[in-house]
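1. fold the following for me, if possible:
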Amino acid sequence: MKVLSLLKHINTTTTLPAAPASFSVYRHLSDVATSAPKDPTNKFTYPPVYDPYGPSPPPSSKILDLADRIASLSPGEIKQVGPALLLRLNQPLPRTMSGGGLSLGSSQGAGPAKSEEKKKEEKTVFDVKLEKFDAAAKIKVIKEVRSFTNLGLKEAKELVEKVPIVVKQGVTKEEATEIMEKIKAAGGVAVME
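-> Okay, the predicted model is just below:
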């Protein structure tokens, strides 16, 4: 009872000061308070088109004429508008996305030429993979792995025990063959990938 009477007393004695017209927060808060939604399920109304940059002026007559001319072109000519405009404005053409190794079939006449180009390309960067080693030569192999990987004894031991594993990446063919020979001399088997 006392709480209700206290609340009634506060409501009757408390008055909010009149907000100045220049202060927009009060104006917006008063607008929200007076225009409460009548439908409780529809609390918000959204604008028909959201424009984050605010209202923009209508397009000029030149732009409208250009849009009409582009719309009257054939579909093949419309496809040429974008690249021609980029070329005219000295902008780089967008790069085509790679298939990521996905082959959906070869186009006519392009299949054999592409396979010949791939054969001509020679690999310049190799990885050395330790395939296996003799159990008696484990310590020698660990020492050799430490010599070209700059690993500590514990890390090199853990690496060697995870056979088969790549022990050196991104080396030239000469370096890879040299590493393979060292591992072979220590009692292990390594391959280039």
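
2. touching, V160 and K143? I think so.
-> No - at 9.9 Å, V160 does not count as touching K143 under the criterion of Cβ atoms under 8 Å. Any C-beta I mention is one placed from the backbone N, CA and C, and that applies to glycine too.

3. neighbour count: those two, which is higher?
-> Set V160 next to K143 and count neighbours by other Cβ atoms under 10 Å: V160 wins out with 23 against 14.

4. in space, what's closest to that one - neighbours in sequence excluded?
-> Once flanking residues are discounted, V160 sits nearest to I142: 5.2 Å by Cβ to Cβ, 6 or more residues apart in numbering.

5. the one helix or strand that neighbour maps to packs against which elements?
-> Assigned by DSSP states H and E, I142 falls within helix 138-149. For helix 138-149, the contact count by 3 or more Cβ pairs under 8 Å, 6 or more residues apart in numbering; DSSP states H and E identifies strand 126-133, helix 153-161, strand 165-171, helix 173-186 as packing neighbours.

6. can you redo these as JSON lines with distance to Y50 and mean pLDDT?
-> What follows is those, written out as JSON lines (distance: least, Cβ to Cβ, whole Å; pLDDT from 0 to 100):
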{"stretch": "strand 126-133", "distance to Y50": "52", "mean pLDDT": "88"}
{"stretch": "helix 153-161", "distance to Y50": "56", "mean pLDDT": "87"}
{"stretch": "strand 165-171", "distance to Y50": "50", "mean pLDDT": "85"}
{"stretch": "helix 173-186", "distance to Y50": "58", "mean pLDDT": "89"}
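
7. just name the most buried of these.
-> Among the helices and strands packed on helix 138-149, strand 126-133 has the highest mean neighbour count (mean count of other Cβ atoms under 10 Å), at a mean of 19.

8. using CSV, write out every CA atom in that strand.
-> Presented in CSV, the C-alpha positions along strand 126-133 are these (Å, rounded to 0.1, in the frame of the first residue of the first chain):
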residue,chain,number,x,y,z
PHE,A,126,61.3,-29.8,-53.6
ASP,A,127,60.5,-31.3,-50.3
VAL,A,128,62.6,-34.1,-48.7
LYS,A,129,60.5,-36.8,-47.0
LEU,A,130,62.0,-39.4,-44.6
GLU,A,131,60.3,-42.7,-45.5
LYS,A,132,62.0,-45.1,-43.1
PHE,A,133,65.2,-45.9,-41.3
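
9. list the helices and strands it packs on?
-> helix 138-149, strand 165-171, helix 173-186, strand 188-192.

10. so for T45, which of the ones you listed sits nearest?
-> T45 lies closest to strand 165-171 among the helices and strands packed on strand 126-133, at 59.9 Å (Cβ to Cβ).

11. what residue ranges in this protein are flagged as low confidence?
-> 1-44, 46-47, 96-121 (pLDDT under 70).

12. repeat the analysis, applying 90 as the threshold.
-> For the chain, applying pLDDT under 90 flags the ranges 1-60, 63, 67, 75-76, 78-176, 179-180, 182-193.

13. mind listing what the nearest residue to V189 once chain neighbours are set aside touches?
-> In this structure, V189 finds its nearest non-sequential neighbour in E131, 4.6 Å apart by Cβ to Cβ, 6+ apart. Going by Cβ atoms under 8 Å, 6 or more residues apart in numbering, E131 touches 163-164, 188-191.
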